[in-house]
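**Q** here is a sequence together with a model predicted from it:
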Amino acid sequence: MSRGVLAALLFVFLWSTSFVPSRIAALEAPPLWFLVARFVTAGLFFAALAFALRLPLPVTARRWTALAAVGVFGNAGYLSLSYVAFEHLSSAMGAIVACTNPLILAGVSPWLLRERLTLGKSLGMILGFGGVVIVMLSRAGGGSARPQDVLLAFAGVGAFVVATVIFKRIPEPESLIVVSGTGFGSAAVVLAPLAFAFEGVPHVAGGGPLVASFVYLVIFLSVGTTLLWFWLLTHGEASRVSAYFFLAPAFGMMLGALVLHERIFLRDALGMACIIAGLVFVQCDAAR
């Protein structure tokens, strides 16, 4: 198994574990202020690391603007819209919406990133997303989703796609540590006024679970998955790398079986088979 595949699997595994702590954060704290605190903490970490390693910084306003845009769309846009949607959206529906990312990216890549949309890649994307729907609908229960929350979640996915396209179009981007630090700093600057306007003065009612969620999200998501995602994008096509998002609900299902002893049904296995087949189509197509 190649280093890229291992990195992609690790990224998706960590990303799939974010739904529970994100849900706790959305319910026990003002979601926008929670994100501001998360962005500031991660941004300071990356800034200190860049300073300690004496990494070169962008030298033009255009480069600074491009890196800031990646953070504004990928962090402030995607996460803030998703957190607000998660206040009412079920985790199953949230996962399904989040997994439209590869479909949207595959659709725009031929025009914006000059990546070929072949028959094999298209079939793989359809199979992968079909598998996600099968797995998540089997666990959705009778809960309903408000249209406005689904639209917010879709808007968040769109913002993440925009951030991905901007990053891929930057010629020879700076160190990933500098890219990440700039992104989180710009996201905090943009989101803080909005948090104050919509949520007022920061206030927190949660206790231990909220603190644990914050620490986990900063270390493993803001730092870990951010570096992994940018590394993956620099070593492969955006649409092909994003196809691994389809595995996130499957990882969640397996974690539920291992930790919570949840049952796995035949339809779950069918969904998993579709996801794996879709990934095989996408990766084999890219290898030609």
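**A** Done, it's in.
**Q** what's around His235, how many residues?
**A** Look at His235: counted by other CB atoms under 10 Å, it has 13 neighbours. In short, each C-beta sits where N, CA and C put it, glycine included.
**Q** dihedrals phi and psi, it?
**A** phi -120, psi 10 (degrees, to the nearest 10).
**Q** how about the nearest residue to Ala37, chain neighbours excluded?
**A** Phe214 (7.1 Å; CB to CB, 6 or more residues apart in numbering).
**Q** does the one you found touch Arg38 like I think?
**A** Yes - in this structure, Phe214 is within contact of Arg38 by CB atoms under 8 Å, at 6.7 Å.
**Q** these two - which one has more neighbours?
**A** Taking neighbours as other CB under 10 Å, Phe214 and Arg38 compare with Arg38 leading, 23 against 20.
**Q** so who does the more buried one touch?
**A** 214, 217-218, 222 (CB atoms under 8 Å, 6 or more residues apart in numbering).
**Q** which elements pack onto the helix or strand where Pro21 lies?
**A** Using DSSP states H and E, Pro21 falls within helix 19-28. Counting contacts by 3 or more CB pairs under 8 Å, 6 or more residues apart in numbering; DSSP states H and E, helix 19-28 packs against helix 31-53, helix 78-86, helix 91-98, helix 208-216.
**Q** for Trp64, report the pLDDT, please.
**A** Looking at Trp64, its pLDDT reads 95.
**Q** give me the element it is part of.
**A** helix 61-71.
**Q** and that helix, C-alpha only, in PDB?
**A** The C-alpha coordinates for helix 61-71 follow below in PDB (Å, rounded to 0.1, in the frame of the first residue of the first chain):
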ATOM      1  CA  ALA A  61       0.200  40.600  -1.400                       C
ATOM      2  CA  ARG A  62      -1.300  38.300  -4.000                       C
ATOM      3  CA  ARG A  63       0.200  35.200  -2.300                       C
ATOM      4  CA  TRP A  64      -1.000  36.300   1.200                       C
ATOM      5  CA  THR A  65      -4.500  36.900  -0.300                       C
ATOM      6  CA  ALA A  66      -4.600  33.400  -1.900                       C
ATOM      7  CA  LEU A  67      -3.500  31.700   1.300                       C
ATOM      8  CA  ALA A  68      -6.000  33.800   3.400                       C
ATOM      9  CA  ALA A  69      -8.800  32.800   0.900                       C
ATOM     10  CA  VAL A  70      -8.000  29.100   1.400                       C
ATOM     11  CA  GLY A  71      -8.500  29.600   5.200                       C
END
